[in-house]
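Student: next comes the sequence, and after it the predicted model I'd like to discuss.
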Amino acid sequence: MGELDRIETVDIYEQLGVKKLINACGPLTRFGGSLMPPEVMEAMAEANRAFVDIEELQQKAGERIAQLLGVEAALVTAGAAAGLALAAAACMAGADPFKARQLPDTTGMKDEIVVLRCHRIHYDQAVRLAGARFVEVGYADWSTLEDVQPFVHDRTAAILYVAKAESVAGSVPLEQIIALGYSRNVPVIVDAADELPPMTNLRRFVAMGADLVLFSGGKDLRGPQASGLIVGKKALVEACAVHNCPNYGVGRPMKVAKETIVGLLKAIELYIHQDFEARMRAWERRRDYLVEQLSGLPYMQVSPHQPIPPGSPGSYYLPAVYITIDERGLGLTVDQVEQQLREGEPGIVVDRFETGIALRVQMMQGGEEMLVAKRLKEIWTGVR
Ligand SMILES: *Cc1c(COP(=O)(O)O)cnc(C)c1O
């Protein structure tokens, strides 16, 4: 079934003259995120066969997702970044439709969002899009709760916490931030966009007491590329829905289609029933094959060990291959190797770390590891 999908895909991209890529970099939006399972595509096709009231569909799908995950409430969004804008809007304007129309003008509303300095990320422009202002606190190298406390007060709309930054030196444990938010009656938004796997993270941050938690639907969840999920406290999730499409508000340009809602629900159903151990074993086999195939090559050191820390403490190290390159010996820079992989046949996109390239096996399709190993050997023996 997977093969058939791929052949169809090749045709449409070839017709357009668009180069097809092997994904050895993980679920990056820039390269298409992830590939949806056929069951998700079928659910989306079915959704396309009738008209429904989108708010009703959102409500029922949200209830179903919340029930599946064991959380108070859930809402489908156009992505985790859209979720950031909706969460910020909900924490400033609540569920008031008049205030929703006023945004991004925040006159008369709490509009400060407190964030640790080392938790600033490229995606957080979405928070400012809603009209919120960031108050950056703490230090890059070392922060404590005392560095945050003075800035959480009656003008604070929310505290934003990026789960993958929890293990960074300048961070403060999420538990402490949640306790602080609770004591001052300020909601805590957790950006957990790529904190999957493990599947248990879908519930973990909510169980810890976070008010709103955002996930990407187009990464490991393998839902529609332009989908995301907000889970959390009922009143705040309902407020997010007020700002979300089809209502008029900051979320109106971030449209969530009926196909997207149904597709993400199906993806979540599949995700929580998946055989994760089997998936992990397949990844490990792919990784071990690559390590074995590449180990004899000169001017490189191949390692299955991650030199950089993983995301939040509850997240997994995903199997990957780290290739440290001796640029002078090889006669090519890491940039040039990356470029040759990308521009060669087949085109391969990889991840980077300071001294080399990382091959992430999570999004590779069956057998592609052989093509990746073959291509690297060609580059290493001078077949350009
Ligand atoms: C990927 C990512 C996002 C954006 O997610 P989308 O679903 O693509 O909008 C936001 N925050 C973090 C931490 C991410 O990794």
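Tutor: It's in.

Student: and stretch 233-249, end to end?
Tutor: End-to-end distance of stretch 233-249 (CA to CA, to the nearest Å): 21 Å.

Student: if we look at it, which residues are touching it?
Tutor: Contacts with stretch 233-249, where a contact means CB atoms under 8 Å, 6 or more residues apart in numbering, come from 54-55, 58-59, 62, 72-75, 77-78, 83, 85-87, 89-91, 93-97, 100-101, 103, 130, 187, 211-212, 230-231, 250-256. Placement of C-beta: from N, CA and C, glycine included.

Student: of those residues, select the buried ones using a PyMOL command.
Tutor: Filtering the contacts of stretch 233-249 down to the buried ones (16 or more other CB atoms under 10 Å) takes a single PyMOL command:
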select buried, resi 54+58+62+73+74+75+77+78+83+85+86+87+89+90+91+93+94+100+103+130+187+211+212+230+231+250+251+254+256
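
Student: could you tell me which residues of the stretch 151-300 of the chain lie near the ligand?
Tutor: Val162, Lys164, Asp191, Ala193, Asp194, Ser216, Gly218, Gly228 (CB under 6 Å from any ligand atom).

Student: in CSV, list the residues you listed along with secondary structure and neighbour count.
Tutor: Formatted as CSV, those follow (DSSP: H, G, I helix; E, B strand; the rest coil; neighbours: other CB atoms under 10 Å):
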residue, secondary structure, neighbour count
Val162, strand, 27
Lys164, helix, 18
Asp191, strand, 30
Ala193, coil, 26
Asp194, coil, 19
Ser216, strand, 29
Gly218, coil, 24
Gly228, strand, 29
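
Student: now, the contacts of stretch 233-249 that are in strands?
Tutor: Ala73, Ala74, Leu75, Thr77, Leu212, Ile230, Val231 (DSSP state E).

Student: need those residues in TSV with pLDDT, can you?
Tutor: Listed next are the ones in strands among the contacts of stretch 233-249 as TSV, based on pLDDT from 0 to 100:
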residue	pLDDT
Ala73	98
Ala74	98
Leu75	98
Thr77	98
Leu212	99
Ile230	99
Val231	98
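
Student: show me where the stretch 251-384 of the chain has helices.
Tutor: 258-272, 276-294, 327-330, 334-343, 368-380 (DSSP state H, counting those that start in this stretch).

Student: please identify the deepest-packed of those.
Tutor: Mean neighbour count (mean count of other CB atoms under 10 Å) peaks for helix 258-272 among those, with a mean of 23.

Student: measure the single nearest residue of the stretch 1-150 of the chain relative to the ligand to Lys266 for me?
Tutor: Nearest residue of the stretch 1-150 of the chain to the ligand, counting by CB to the nearest ligand atom: Gly79, 2.9 Å away. To Lys266, Gly79 is 17 Å away according to CB to CB, to the nearest Å.

Student: need the next SSE after the helix or strand of the chain with the lowest mean pLDDT, C-terminal direction.
Tutor: When the helices and strands of the chain are scored by mean pLDDT, DSSP states H and E, helix 2-16 comes last with a mean of 68. With elements assigned by DSSP states H and E, the helix or strand that comes after helix 2-16 is strand 21-24.

Student: all good on my end, thank you.
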